[in-house]
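Student: Structure, please.
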Amino acid sequence: MKKMEALTILLLCVWTVGASDSSSLTEVTPEADRPSQREPLDSNPSLKCCHRAKGLDVDNAWIARIPMTLNLNKAVNMSTVKHVVTELDNNTREEGVVCYKLNFKLVQLNDSGLYQCRLTHKSLSSPVFTHGTYLQVYRPFRSTLGISEHSKNNLLVAEGVLLMLGVFLPGAMMICKSKKGNEMRKRKMRQEEENIYEGLNLEECSSAYDQVQRSLVQGPYQDVGNVMIEEGDIQLEKP
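Tutor: From the prediction side, this is the model:
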């Protein structure tokens, strides 16, 4: 009886160890991918996906989800596309990590989409997908004039100088004009002050001054009632 119990316990232990080993062998873990990649039209970009697989070689297939409409993504197996090449990346330095590359030849605008690696193995219950990289293909801007960057910089500097001149020159001209106007007004006022005394006779000025002083002392009119009549004539002083 004790032998049967020991045999049963031994079988259970072996089964548990075997189950844990098989589960560890079938463990596939995707590595972090580059989230997005932006490439110009007609370039040759390369995408990369990596994963860890313990004890087995999984099959890899590149899958692209191309946005056909706003609500529909079309899954495309890239092995059927002619202008792409898939290969194993042998430059991976980290141990236990396997990487695959997807190389484009003259990428097109309709190649924009999410690219993932689909990992399959007979021991896996369902395929494992990597996180994926979104490829954005854009049409580069082509300048109509073949101007180098050095020439562009010189043009920008010249435009800046012209702009500064256009701002400061009118202000400087207005300041100079106002300054000249002030000097002319001051000169005119000095000339008017000098012209006030031109043409005056000093004798007439002195006689007029004497008359004013006498009128202030004696008053503008003469008291006729207090004047003594001599020789029958009265001579009144003109005011």
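
Student: I'd like the secondary structure assignment at residue 122, please.
Tutor: With DSSP: H, G, I helix; E, B strand; the rest coil as the basis, residue 122 sits in coil.

Student: next one: residue 102
Tutor: Of the three states, residue 102 takes strand under three-state DSSP.

Student: The nearest residue to it once chain neighbours are set aside: how many residues sit nearby?
Tutor: Spatial nearest neighbour of residue 102, chain neighbours left out: residue 47 (4.4 Å); criterion: C-beta to C-beta, 6 or more residues apart in numbering. (Glycine included, C-beta is placed from N, CA and C.) When counting by other C-beta atoms under 10 Å, one arrives at 25 neighbours for residue 47.

Student: just checking, residue 47 touches residue 115?
Tutor: Yes: assessed by C-beta atoms under 8 Å, residue 47 is found in contact with residue 115 at 5.2 Å.

Student: what do the two both touch?
Tutor: 62, 102, 133, 135 (C-beta atoms under 8 Å, 6 or more residues apart in numbering).

Student: for those residues, which one is nearest residue 43?
Tutor: Top of the list for closeness to residue 43, among the shared contacts of residue 47 and residue 115 and by C-beta to C-beta, is residue 135 at 10.9 Å.

Student: in which helix or strand would I find that closest one?
Tutor: strand 133-138 (DSSP states H and E).

Student: Can you show me the strands along the protein?
Tutor: Ranges of strands in the chain, per DSSP state E, are 28-30, 36-40, 46-53, 59-67, 73-77, 84-89, 97-104, 113-120, 128-129, 133-138.

Student: Mean pLDDT and distance to residue 183 added to the ones you listed, as a markdown table?
Tutor: Conversion of those to a markdown table gives the following (pLDDT from 0 to 100; distance: least, C-beta to C-beta, whole Å):
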| stretch | mean pLDDT | distance to residue 183 |
| --- | --- | --- |
| strand 28-30 | 88 | 85 |
| strand 36-40 | 94 | 66 |
| strand 46-53 | 91 | 77 |
| strand 59-67 | 89 | 76 |
| strand 73-77 | 76 | 81 |
| strand 84-89 | 88 | 82 |
| strand 97-104 | 92 | 77 |
| strand 113-120 | 92 | 77 |
| strand 128-129 | 92 | 87 |
| strand 133-138 | 94 | 65 |
